[in-house]
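1. what follows is a protein structure lacking sequence information:
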């Protein structure tokens with residue numbers, strides 16, 4: 001199922017032609033829209049509330065979805081990952097009626113984001129590498145050995161939890177002990193969450209390795225549906241995970257002239273790095289992205305999809321609200337039988 005031979009069928013010209021396409025919110029006339037956010041709209045179907053996920057936002061929340069086919073890659077890749085990990089944990093997907101759209105059950109999200117890391121890396125002040133480089137050997141309550149270098153693999157994957165940001169506040173760095181002592185998540189639920197997250201990460205690393213990629217770290221979001229732990233939001237996409245190409249990592253690790261140089265990011269960090277190089281940190285209007293750069297970013301998203309799925313990416317038209325409404329009504333009727 002998982003192919004290591006990758007051929008991105010879309011040409012540079014096709015990607016450039018797709019850039020002006022506007023990725024807008026799906027508007028379903030006559031349906032009750034409850035909430036609109038970064039990657040989801042919540043609609044009311046009679047007495048039932050469901051999520052309709054559409055991706056309109058790139059790295060830095062103010063950068064609208066100008067990367068062609070990005071939303072389709074994220075939706076379709078997540079759908080496949082949900083399918084591939086359903087033996088590990090339940091997920092919130094009801095149906096994928098359109099390549100642009102996933103319909104999902106509304107869950108009660110846990111107030112903690114679960115970040116699993118397989119390597120010691122990062123540049124922010126909450127990253128493992130920054131904290132380690134400042135002399136901290138027990139970040140997030142995790143014991144790390146001496147002698148690690150930036151981008152080294154960790155002895156075993158670790159969980160670095162954060163609280164979910166509220167009202168524009170930054171995520172709060174916390175430890176497992178704080179989660180339990182403060183009652184943020186019940187002990188039994190958190191223990192299950194840890195086991196599931198590590199199992200998901202192991203599956204992700206295995207599949208990425210076959211595809212010539214390295215799953216460096218990832219963010220999982222969990223919720224409860226009828227009291228059952230459920231995987232929600234995106235999973236193992238270039239927006240929710242950090243990927244390196246295995247070739248670039250091996251070259252970086254083996255470089256005598258520039259030891260510990262950075263491997264090539266195959267995720268939205270590639271986009272963030274460009275903005276950082278322009279001096280943009282997320283405040284105010286972002287600089288305009290050259291069309292060639294946008295096409296290059298899109299090509300990486302599509303290539304990551306093809307590597308991880310072994311399928312050739314086939315672009316679909318933007319979602320037609322009437323078609324989605326019909327599909328949703330079909331799933332609502334079928335679910336009521």
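-> Good, I have the coordinates. Because the structure is a prediction, the values reported are computed rather than measured.

2. buried stuff in the host helix or strand of residue 270?
-> In this assignment (DSSP states H and E), residue 270 forms part of helix 269-277. Burial within helix 269-277, assessed by neighbour count using 16 or more other C-beta atoms under 10 Å, is assigned to 269, 270, 271, 272, 274, 275. To be clear about C-beta, it is placed using only N, CA and C from the backbone, and glycine gets the same treatment.

3. hang on, the third one packs against residue 296?
-> No: taking C-beta atoms under 8 Å as the contact criterion, residue 271 and residue 296 are not neighbours in contact, 9.9 Å apart.

4. re earlier: let me know the average pLDDT across the helix holding residue 270.
-> Averaged across helix 269-277, pLDDT comes to 87.

5. ok, now stretch 177-187?
-> Averaging pLDDT along stretch 177-187 yields 95.

6. how much distance is there from it to the middle of the chain?
-> 25 Å (C-alpha atoms, centre = their mean, to the nearest Å).

7. try stretch 230-249
-> Counting by C-alpha atoms, centre = their mean, stretch 230-249 is centred 6 Å from the centre of its parent chain.

8. over to stretch 109-118?
-> Averaging C-alpha positions (C-alpha atoms, centre = their mean) puts stretch 109-118 12 Å from its chain's average.

9. re earlier: and the buried residues of helix 269-277, which is closest to residue 312?
-> Relative to residue 312, the closest of the buried residues of helix 269-277 is residue 270; by C-beta to C-beta it sits at 22.0 Å.

10. ok, now which ones touch that closest one?
-> The neighbourhood of residue 270, defined by C-beta atoms under 8 Å, 6 or more residues apart in numbering, consists of 264, 297, 300.

11. would you list those residues in JSON lines and tack on distance to residue 243 and pLDDT?
-> Compiled in JSON lines, those are given as follows (distance: C-beta to C-beta, whole Å; pLDDT from 0 to 100):
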{"residue": "264", "distance to residue 243": "9", "pLDDT": "88"}
{"residue": "297", "distance to residue 243": "14", "pLDDT": "89"}
{"residue": "300", "distance to residue 243": "9", "pLDDT": "92"}
